[in-house]
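1. Predicted model, plus sequence, below.
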Amino acid sequence: MGETDVAETRRRIAAHLVGRERELELALAAVAAGRDLVLEGPPGTSKTTTLKAITEEWGIPLLFVEGNADLTPAKLVGHHNPARVLREDYSADNFVAGPLVQAMRQGGFLYIEEFNRAPEDTLNTLLTAMADRAIEVPRVGVIEAQPTFRVIASMNPFDNVGTTRLSTSVADRLNRIVVGYQDAESERGIVALRTGLLGPLAVRIIPDAVAVTRATREHPDVRQGSSVRGAIDCALVAHELFALRGFDESTAAPSDEIYQATLFDAMLVSLSGRIHLDEAAETTPERVLREIWEDHFILEPARAEPG
């Protein structure tokens, strides 16, 4: 793909992504150069969204695979249909292609989420596909990849339970991009875009939902905080709660006391299941959220007061 085509792809995709210009540029450069890639970052940081945008723009498939202990080499590569084997013996015709073979034949991206949760022998199955752009399947023959075939992996650096360390051979064949959380302004833009909320109440809800969600990532008792998805849900739930409690854009604005109490209820619903506490922390998600709520609505405004 030419430099002009890649630049045009970047321009079109960037119009639909908020706060991901640099990561998009790096990912495009890697895949346009024919390289395989691992995206390392917490959930909710637009990794999948970026890949969907690239493959849709190029008109190629994106095949998803979840990395876990059940992902065997046979599930990744494919298998022969047992019923047809009994009737017809082994042949290329009764081979059921797995996602790796499908991606190679179709020239798509094979996207393996939670890459480091897959067994090592399964990951090693990818070595020949990445190195030679071809694999040999017994009783089927050599499968050669189309030029646009790529292996794309994602990993969560905060999650080390049930994960395996990538072998040097696998890691050596992957380029790596670290994808962190967006800045506060970008997250506010994402929440506004994804929720579609408008009006004076939304103008108040969205920055608060983003602020308390971002605070979950910095709390000392939290091992992994919520992604921007928590802020999106917090804003939506809060907006519905205000309507249920008799406040909408056509009525008078709620008092500060009612507003803050309602937002706390929305925080409990949307964030309590999304934060993962440190194993040594003697607290609960509800207590952590209460501390964040108090810090945001009581302590911070008090610090900002003059005098």
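-> That came through, no problem.
2. Beta-bridge partners for L37, please?
-> I152, N175 (DSSP bridges).
3. Can you give me the distance of it to T148?
-> Separation of L37 from T148 (CB to CB, to the nearest Å) stands at 13 Å. The way it works is simple: take the backbone N, C-alpha and C, and place the C-beta from them, glycine included.
4. Please apply the same query to H79.
-> 25 Å.
5. higher neighbour count, these two?
-> Higher neighbour count among H79 and T148: T148, with 19 against 16, using other CB atoms under 10 Å.
6. Need the pLDDT of the more buried one.
-> The model reports T148 with a pLDDT of 92.
7. Setting aside sequence neighbours, what's the nearest residue to it?
-> In this structure, T148 finds its nearest non-sequential neighbour in G107, 3.9 Å apart by CB to CB, 6 or more residues apart in numbering.
8. my guess is the one you found meets L62, correct?
-> No - if you go by CB atoms under 8 Å, G107 and L62 don't touch, sitting 11.4 Å apart.
9. Tell me who's in contact with L28.
-> V6, T9, R10, I13, I54 (CB atoms under 8 Å, 6 or more residues apart in numbering).
10. Nearest to H239, out of those: which one, please.
-> I13 (29.4 Å; CB to CB).
11. in the one helix or strand the closest one maps to, what's buried?
-> If you go by DSSP states H and E, I13 is part of helix 3-14. Across helix 3-14, burial judged by 16 or more other CB atoms under 10 Å covers V6, T9, R10, I13.
12. same question, stretch 170-183
-> Applying 16+ other CB under 10 Å to stretch 170-183 flags V170, R173, L174, I177, V179, Y181, Q182 as buried.
13. Endpoint to endpoint, that stretch covers what distance?
-> Using CA to CA, to the nearest Å, one end of stretch 170-183 lies 32 Å from the other.
14. now stretch 62-72: how far from the chain's centre is it?
-> 15 Å (CA atoms, centre = their mean, to the nearest Å).
15. what does stretch 280-296 give?
-> The answer for stretch 280-296 is 25 Å, by CA atoms, centre = their mean.
16. per-residue confidence averaged over it?
-> On average, stretch 280-296 scores 92.
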